[in-house]
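Trainee: what's the 3D shape of this:
(4 chains)
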Protein chains: 4
Amino acid sequence: MPTPKIHGIIGYTVTPFGANGEGLDLDALGRSIDRMIDAGVHAIAPLGSTGEGAYLNDAEWDQVAEFSLQHVAKRVPTIVSVSDLTTAKAIRRARFAQAQGADVVMVLPASYWKLSEAEILAHYQAIGASIDVPIMLYNNPATSGTDMSVELILKIFHAVENVTLVKESTGDIQRMHKLQLLGEGQVPFYNGCNPLALEAFAAGARGWCTAAANLIPQLNLDLYQAVLEHDLQRARALFYRQLPLLDFILKGGLPATVKAGLELTGLNAGEPRRPVFALNDSARQQLQTLLQTLS
Amino acid sequence: MPTPKIHGIIGYTVTPFGANGEGLDLDALGRSIDRMIDAGVHAIAPLGSTGEGAYLNDAEWDQVAEFSLQHVAKRVPTIVSVSDLTTAKAIRRARFAQAQGADVVMVLPASYWKLSEAEILAHYQAIGASIDVPIMLYNNPATSGTDMSVELILKIFHAVENVTLVKESTGDIQRMHKLQLLGEGQVPFYNGCNPLALEAFAAGARGWCTAAANLIPQLNLDLYQAVLEHDLQRARALFYRQLPLLDFILKGGLPATVKAGLELTGLNAGEPRRPVFALNDSARQQLQTLLQTLS
Amino acid sequence: MPTPKIHGIIGYTVTPFGANGEGLDLDALGRSIDRMIDAGVHAIAPLGSTGEGAYLNDAEWDQVAEFSLQHVAKRVPTIVSVSDLTTAKAIRRARFAQAQGADVVMVLPASYWKLSEAEILAHYQAIGASIDVPIMLYNNPATSGTDMSVELILKIFHAVENVTLVKESTGDIQRMHKLQLLGEGQVPFYNGCNPLALEAFAAGARGWCTAAANLIPQLNLDLYQAVLEHDLQRARALFYRQLPLLDFILKGGLPATVKAGLELTGLNAGEPRRPVFALNDSARQQLQTLLQTLS
Amino acid sequence: MPTPKIHGIIGYTVTPFGANGEGLDLDALGRSIDRMIDAGVHAIAPLGSTGEGAYLNDAEWDQVAEFSLQHVAKRVPTIVSVSDLTTAKAIRRARFAQAQGADVVMVLPASYWKLSEAEILAHYQAIGASIDVPIMLYNNPATSGTDMSVELILKIFHAVENVTLVKESTGDIQRMHKLQLLGEGQVPFYNGCNPLALEAFAAGARGWCTAAANLIPQLNLDLYQAVLEHDLQRARALFYRQLPLLDFILKGGLPATVKAGLELTGLNAGEPRRPVFALNDSARQQLQTLLQTLS
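Mentor: As a prediction, the model looks like this:
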């Protein structure tokens, strides 16, 4: 399957809500997409963890997917997260995303019950068989509750034709080394753990999936550029410069911190949906200080 | 708030589906409820983990809640699990359950994002404020991804008037000891970890929340009776007799093993919804042997 | 191999030091042994974790072993911990203990390097082949860094003729259930985790290895008696009565808390050896309050 | 305190034994030291984990320390590991090492009992006050059982004048980022986790503490050189080339694998001391293949 060249900085969007976390603010979503594309990110990824995809009902999810794809309008590739709690629901989302023009769909094996390896494989097979676009397999035990070993990831990669990209977010850099070694350099992997940005690129990651691109896209892009130029010293300096912000948004929760950061930089994207809290005042103050230091 | 005397064996129901995991088989659900009530269980609990509540859409969830409550018809108290990924959705389910006559609702702080203690407390407060029936707080990090400390549980217990029961399923018996000590014997706790049935009763649990009551209700009830009579020797013997089955259904996954066990004992309840697999042949054979040994 | 009937309350001794943690105070050791035997404990166990066996040089270790055995003088069985970092050193200690009249030796696979299952088995085999007294296999990953699975424990139990007793201290009560089930009731197991005293007896443990017998032997013995009489209600009440003290000595560190408790009850046993601290004043005050409540 | 400029590749020595793990083979030790120094390593470190320091009695330990220091003879700095189970014993070793000319001593807070932060700090303070040479603080929870947080490490670094270097071996690269950020770039840190060699240098580690220098010193040195030249592409290629060997020696246990590797490359260093096994035949074969690929 021909896979678009996904690489570099992949910007994850938030899903802006109206008052009290109700309704969608698609206008704000459009502006956040434009900001990232204008800054130079290499791809846009709606409806991921940052996008609170798990908190949307089906109608809302469809609206956000459709709007995002139309608004990106192929300026860069779009990767739509289609994870859902049952295989049938994930397939529905995957088909919808494909119909609306998604370049890639991302699948996290999120499921209430712990899944066996056979169940995870079958989940990817069923989704893969129902669509024609490439799938980015996504491993993030902190949110999915399921940790896929490198061996399982490679098994799925080889067994499901359109699983052609791997996003690794365990926070354990050795997983990437193992993907590189056991995958014999043939498995394109992407980093989803913000504080590992430098290390993942050192390990050979093709891209960095990050919501930080909503706030500091230039620093994200500069780090990637230094890596492309093999300049370890500059990459290290750029990494340590942005690390406090990366740590902050990870620890504070991506939807809350990124939405607060957007507002602090002039784009009101509302608050996360409950039970997730908006950032409190002292944390907002911290975030503002961090952003000012970096601007 | 007057809380019904919830105690003893609390039977968790499966949600029977039609072919391919589509549709609901309410007739089978009714028969499974009758079997447990006729056997003597002290309460019925639909839509929990065993009931695949996370895999139902809203219309299905409402149907199962309504049917279960009407079918139990107050023969025993009914505890309806109303957990959902957002606070708003959990409130909707809690209100619906109350309107249909639920005696208690159960709430697991299941949420895609890791919640802070303040977020968890606010979640329970919001649900508590929206209904008039008691809430069973449910701690099960293996499925929710969120582990509530005993201190947090007690904070919620004291802060939210209608949180009056606690279900503990971490598998760490020392949590119950701590609930008993720090709660000064005033916090009614219930066991949700099948292989800890004996230990939890030894520690003073008021009840055992179990899907095993679908398959071996008499052994479950006999254990409880031995405990009521303070007969440690008989309780121990009864526990070790049923432990292999309890281990089996926990390790094999409750929906898959209990549905298979129901079919093996003459009640076809269909298969779990994908991505969860039905029990394979060799595991079914094992289960049949275990059930025969105990009958 | 004929094994002495080890059961009930097995009292672990401290090793009293002189000023600044130097020298040995054997007189104090003798009095602490007498206190426990006079109170009615069923066995004495010197040089375990509580006895700071790891902090003694070989000459000191030999003195404590010899003195303890002579002082107990077969009034009750004596279990001597002979663990050491190399197999050769553990064998030396085991032979010395046997020569001095130990009824049982206890072996924890403590080793700087993580050991493979084959290495652990060979360690027990080498020690077993070098002595004629029974060995109590001891599993305590919190101090040894090595967690032996129930399967490995049973493998060693069956492969090494004089490994005839198992002490389990993981704090996971399900390990004892598994020992009972997989061992088909033929493996005598003992509890080494103080806060699990009630649960372990409920699970069928033959004895409780505890340093608490230095401070509250009567409560320990009463709990065991209630269990022998199958009286769950009395056992539960006795357990919760002593649990705060059991939690306290576990969390505060056994050598520091038990030595402080001995002094508070009139037997000066000195301080632990550095780097371990003696109990600070506020903790001593807490301990005194706990002891007064129980006396 | 003037600290020698410790940087680059720090070669950890094995301790060669005679037949059956008895006696010392100082001649082999001397040749292994020469091999590393001749290859160009920047420092030599005897008696660490690889050197089985924990398995030596005091007389043996003194012999190895004295011989190593005399044999290195200041050709490069020598870092002697002086960790021991009590503070008094660690002080004895530290003073002995200093008297014999050690440039730096390394201290792991290895202790049978889990130590509190105050106990760990006091341990370093007591050792620091008893000597005049710099101390390399060593964090390796896998062998010591004690994990020092970055905050604690910095507290010790600032409180104990001669703690001037930090060796981090948790395997979590984010610890180094935190040392760099919270230490404001003033805390020299060294990597002790072989498979993180590239990542640690990317993060800014000043050196790599490794037993691999016994087997593939040139590859270790080349990686360091590429890092000094900021050439990320060459560093990455060199890292992946040696990673299979680094993984192998970590998983197989350093004393067993490095001693086997020394023999395979013409330097008979005997076997590890029991309970640690020598490498079995199939693993030796694997190691030979790995070494041949790299030579």
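Trainee: what sits against A:I37?
Mentor: A:44, A:72, A:75-76 (C-beta atoms under 8 Å, 6 or more residues apart in numbering or on different chains). In this view, the C-beta of every residue, glycine as well, is placed from N, C-alpha and C.
Trainee: what does A:A283 give?
Mentor: A:252, A:257, A:260.
Trainee: Any quick ChimeraX command for the buried ones out of the contacts of A:I37?
Mentor: Buried residues among the contacts of A:I37 (16 or more other C-beta atoms under 10 Å in any protein chain shown), as a ChimeraX selection:
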select /A:44,72,76
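Trainee: Mind picking the two most distant members of the contacts of A:I37?
Mentor: A:I44 and A:R75 (8.3 Å; C-beta to C-beta).
Trainee: Pipe the contacts of A:A283 into CSV and attach distance to chain B and neighbour count per row.
Mentor: Formatted as CSV, these follow (distance: C-beta to the nearest C-beta, whole Å; neighbours: other C-beta atoms under 10 Å in any protein chain shown):
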residue, distance to chain B, neighbour count
A:G252, 10, 21
A:T257, 12, 28
A:A260, 15, 25
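Trainee: Figure out the helix or strand that the residue of the stretch 1-150 of chain A found nearest chain C lives in.
Mentor: Residue nearest to chain C within the stretch 1-150 of chain A (C-beta to the nearest C-beta): A:K114, separated by 17.3 Å. Under the criterion DSSP states H and E, no helix or strand holds A:K114.
Trainee: about what we covered before: just the ones of the contacts of A:I37 in strands?
Mentor: Judged by DSSP state E, the subset of these located in strands is A:I44.
Trainee: Pick out whichever of the contacts of A:I37 sits closest to C:A110.
Mentor: Distance to C:A110 across the contacts of A:I37 (C-beta to C-beta) is lowest for A:I44, with 54.9 Å.
Trainee: Show me where the stretch 151-295 of chain A has its helices.
Mentor: If DSSP state H, counting those that start in this stretch is used as the criterion, the helices of the stretch 151-295 of chain A fall at A:173-182, A:197-203, A:217-228, A:232-252, A:254-264, A:281-294.
Trainee: Quick one: mean pLDDT over the last one.
Mentor: Here helix A:281-294 scores 97 as its mean pLDDT.
Trainee: Repeat that for the third one.
Mentor: Regarding helix A:217-228, the rounded mean pLDDT is 98.
Trainee: tell me what that helix is packed against?
Mentor: Using 3 or more C-beta pairs under 8 Å, 6 or more residues apart in numbering or on different chains; DSSP states H and E, the elements in contact with helix A:217-228 are strand A:8-12, helix A:26-39, helix A:197-203, strand A:207-210, helix A:232-252.
Trainee: Of all the residues in it, which ones are buried?
Mentor: In helix A:217-228, counting by 16+ other C-beta under 10 Å, buried: A:217, A:219-227.
Trainee: Which single one of those residues is nearest to D:Y124?
Mentor: Using C-beta to C-beta, A:L223 is the member of those that sits closest to D:Y124, with 36.5 Å.
Trainee: Just confirm the closest one contacts A:F201, I think it does.
Mentor: Yes - at 7.2 Å, A:L223 counts as touching A:F201 under the criterion of C-beta atoms under 8 Å.
Trainee: where do the contact lists of the two overlap?
Mentor: Common neighbours of A:L223 and A:F201, using C-beta under 8 Å, 6+ apart, are A:208, A:235.
Trainee: Restrict stretch A:201-212 to CA atoms and write it as PDB.
Mentor: Taking C-alpha atoms only, stretch A:201-212 is exported to PDB below (Å, rounded to 0.1, in the frame of the first residue of the first chain):
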ATOM      1  CA  PHE A 201      15.000  11.400  17.000                       C
ATOM      2  CA  ALA A 202      18.400  10.100  18.100                       C
ATOM      3  CA  ALA A 203      17.000   6.600  18.000                       C
ATOM      4  CA  GLY A 204      15.800   7.200  14.400                       C
ATOM      5  CA  ALA A 205      12.100   8.200  14.800                       C
ATOM      6  CA  ARG A 206      10.700   9.600  11.600                       C
ATOM      7  CA  GLY A 207       8.400  12.000  13.300                       C
ATOM      8  CA  TRP A 208       7.200  13.500  16.500                       C
ATOM      9  CA  CYS A 209       3.400  13.400  17.200                       C
ATOM     10  CA  THR A 210       2.900  16.300  19.500                       C
ATOM     11  CA  ALA A 211       0.300  18.700  20.700                       C
ATOM     12  CA  ALA A 212       3.100  21.100  21.600                       C
END
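Trainee: Indicate which one of the helices and strands packed on helix A:217-228 is closest to C:K167.
Mentor: Closest approach to C:K167 among the helices and strands packed on helix A:217-228 is made by helix A:232-252 (41.2 Å; C-beta to C-beta).
Trainee: Please write out the alpha-carbon positions of that closest one in PDB.
Mentor: Extracted in PDB, the C-alpha atoms of helix A:232-252 (Å, rounded to 0.1, in the frame of the first residue of the first chain):
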ATOM      1  CA  LEU A 232      23.600  16.800  17.900                       C
ATOM      2  CA  GLN A 233      24.800  19.900  19.800                       C
ATOM      3  CA  ARG A 234      22.100  22.200  18.400                       C
ATOM      4  CA  ALA A 235      19.400  19.500  18.700                       C
ATOM      5  CA  ARG A 236      20.400  19.100  22.400                       C
ATOM      6  CA  ALA A 237      20.300  22.800  23.100                       C
ATOM      7  CA  LEU A 238      16.900  23.100  21.400                       C
ATOM      8  CA  PHE A 239      15.500  20.100  23.200                       C
ATOM      9  CA  TYR A 240      16.500  21.400  26.700                       C
ATOM     10  CA  ARG A 241      15.100  24.800  25.800                       C
ATOM     11  CA  GLN A 242      11.600  23.400  25.200                       C
ATOM     12  CA  LEU A 243      11.700  20.500  27.700                       C
ATOM     13  CA  PRO A 244      10.200  22.400  30.600                       C
ATOM     14  CA  LEU A 245       7.100  23.200  28.500                       C
ATOM     15  CA  LEU A 246       7.000  19.600  27.200                       C
ATOM     16  CA  ASP A 247       7.100  18.300  30.800                       C
ATOM     17  CA  PHE A 248       4.400  20.800  31.800                       C
ATOM     18  CA  ILE A 249       1.900  19.900  29.200                       C
ATOM     19  CA  LEU A 250       2.400  16.100  29.800                       C
ATOM     20  CA  LYS A 251       2.000  16.400  33.500                       C
ATOM     21  CA  GLY A 252      -0.800  18.900  33.400                       C
END
